[in-house]
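J.: Return a 3D structure for these sequence lines:
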Amino acid sequence: MRPVRYSPLLLAAATALFVATPDALVAQAASMKPAPPVFIDELTWTEIRDRIQAGTRSVIIGTAGQEQKGPHMVDGEHKWVLTHTTERIARALGDALVAPIVTYVPEGSWDPPRGHMTKPGTITLPEDRFVELLVHAGRSLKNGGFAQIIYIGDSGGNQRGMQKAADQLNAEWGGSARAMAIGDYYTKAGEDMRVMLRAKGYTDEDIGSHAGMLDTSELLYVNPKLVRTERFARNGGAPDSGVNGDPTKASAELGAELLKIKIDNALNQIRTLRAGGSK
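T.: The predicted structure follows:
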């Protein structure tokens with residue numbers, strides 16, 4: 001029988017495992033620990049206090065929406081996308097936490113029902129109540145020690161209300177803290193995403209305006225279990241589907257690119273405002 005021969009590199013690696021000191025093993029284990037949470041509903045009040053005292057002075061308030069997303073996506077699509085993007089924005093900033101995401105936002109009228117409100121499961125909040133909610137949330141977080149309140153919305157109907165809330169708080173606080181409405185996350189990023197998709201050969205009809213390629217690709221990347229791929233059809237397959245665009249052309253790969261555009265736009269605007277810029 002031939003003797004088994006081991007390569008010198010394999011023997012060296014095996015030897016290193018046996019001679020590793022306890023301190024080295026502890027250090028290795030510590031380096032593999034997950035990053036600390038950034039969502040404040042995953043932290044105790046003392047942990048939040050300690051993070052603030054250590055320099056985490058900003059908090060992100062994400063505004064989503066509970067609205068119909070066609071036959072192929074769950075109504076909470078905006079919330080799941082914001083859970084992904086706000087975490088990555090907070091980690092990139094390095095000094096921010098994320099408040100619980102606001103899911104009740106302006107979605108239209110229920111008397112008579114219009115737009116998304118014609119579909120079961122959609123919940124609307126009048127804009128004045130939405131602004132009031134954001135203002136009270138901002139005041140609460142400032143009271144807890146945060147010096148920057150950052151509003152980021154994943155829906156077009158949220159943008160005006162977030163700006164109103166930020167303007168009201170900044171007038172009220174007089175510089176003792178600051179509120180920011182980060183519109184580039186949605187408005188500028190929306191156009192940037194369309195430019196990117198057109199460059200790949202997709203038409204505006206493919207992209208659509210609601211529950212089409214954009215939303216579907218983003219949710220496929222963030223949480224594909226919440227997408228009913230067997231229900232994919234151009235424009236939802238029916239005149240009253242709630243879909244405008246072609247979800248059959250969506251993919252998780254496109255979703256990763258689209259979400260990076262949103263995140264990068266938000267980070268650029270936040271850093272510009274922090275540096276004293278006007279936008």
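J.: partners of the nearest residue to Asn158 once chain neighbours are set aside in the sheet?
T.: Nearest non-adjacent residue to Asn158, counting by Cβ to Cβ, 6 or more residues apart in numbering: Thr63, 4.4 Å away. For the C-beta atoms, the positions are set from N, CA and C on the backbone; glycine is no exception. Assessed by DSSP bridges, Thr63 has beta-bridge partners Val102, Gly153.
J.: I figured Thr63 hits Ala99, correct?
T.: No: with contact defined as Cβ atoms under 8 Å, Thr63 does not reach Ala99; the gap is 10.3 Å.
J.: so what's the residue nearest to Asn158 up against?
T.: 82, 101-102, 105, 130, 134, 151-155, 158, 161-162 (Cβ atoms under 8 Å, 6 or more residues apart in numbering).
J.: Leu226 and Arg91: what is the separation?
T.: Going from Leu226 to Arg91 by Cβ to Cβ, to the nearest Å gives 23 Å.
J.: And those two? Which one has more around it.
T.: A direct count of neighbours by other Cβ atoms under 10 Å for Leu226 and Arg91 places Leu226 higher, at 16 against 13.
J.: Touching, the more buried one and Val74? I think so.
T.: Yes: Leu226 lies in contact with Val74 (Cβ under 8 Å); the separation is 4.5 Å.
J.: Overlap in contacts, those two.
T.: What both Leu226 and Val74 touch, as defined by Cβ under 8 Å, 6+ apart, is the set Trp80, Leu219.
J.: Going by distance to Thr272, which of the contacts of Thr63 wins?
T.: Nearest to Thr272 out of the contacts of Thr63 is Ile152 (Cβ to Cβ; 14.6 Å).
J.: ok, that closest one - contacts?
T.: Contacts of Ile152 by Cβ under 8 Å, 6+ apart are Ile60, Ile61, Gly62, Thr63, Leu82, Thr85, Thr86, Ile89, Met162, Ile182, Tyr185, Ala266.
J.: could I get those as JSON lines with pLDDT, distance to Lys249 and secondary structure?
T.: Shown next, in JSON lines, are the contacts of Ile152 (pLDDT from 0 to 100; distance: Cβ to Cβ, whole Å; DSSP: H, G, I helix; E, B strand; the rest coil):
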{"residue": "Ile60", "pLDDT": "99", "distance to Lys249": "31", "secondary structure": "strand"}
{"residue": "Ile61", "pLDDT": "98", "distance to Lys249": "33", "secondary structure": "strand"}
{"residue": "Gly62", "pLDDT": "98", "distance to Lys249": "27", "secondary structure": "strand"}
{"residue": "Thr63", "pLDDT": "98", "distance to Lys249": "28", "secondary structure": "strand"}
{"residue": "Leu82", "pLDDT": "98", "distance to Lys249": "24", "secondary structure": "helix"}
{"residue": "Thr85", "pLDDT": "98", "distance to Lys249": "22", "secondary structure": "helix"}
{"residue": "Thr86", "pLDDT": "98", "distance to Lys249": "27", "secondary structure": "helix"}
{"residue": "Ile89", "pLDDT": "98", "distance to Lys249": "27", "secondary structure": "helix"}
{"residue": "Met162", "pLDDT": "98", "distance to Lys249": "31", "secondary structure": "helix"}
{"residue": "Ile182", "pLDDT": "98", "distance to Lys249": "29", "secondary structure": "coil"}
{"residue": "Tyr185", "pLDDT": "98", "distance to Lys249": "24", "secondary structure": "helix"}
{"residue": "Ala266", "pLDDT": "98", "distance to Lys249": "26", "secondary structure": "helix"}
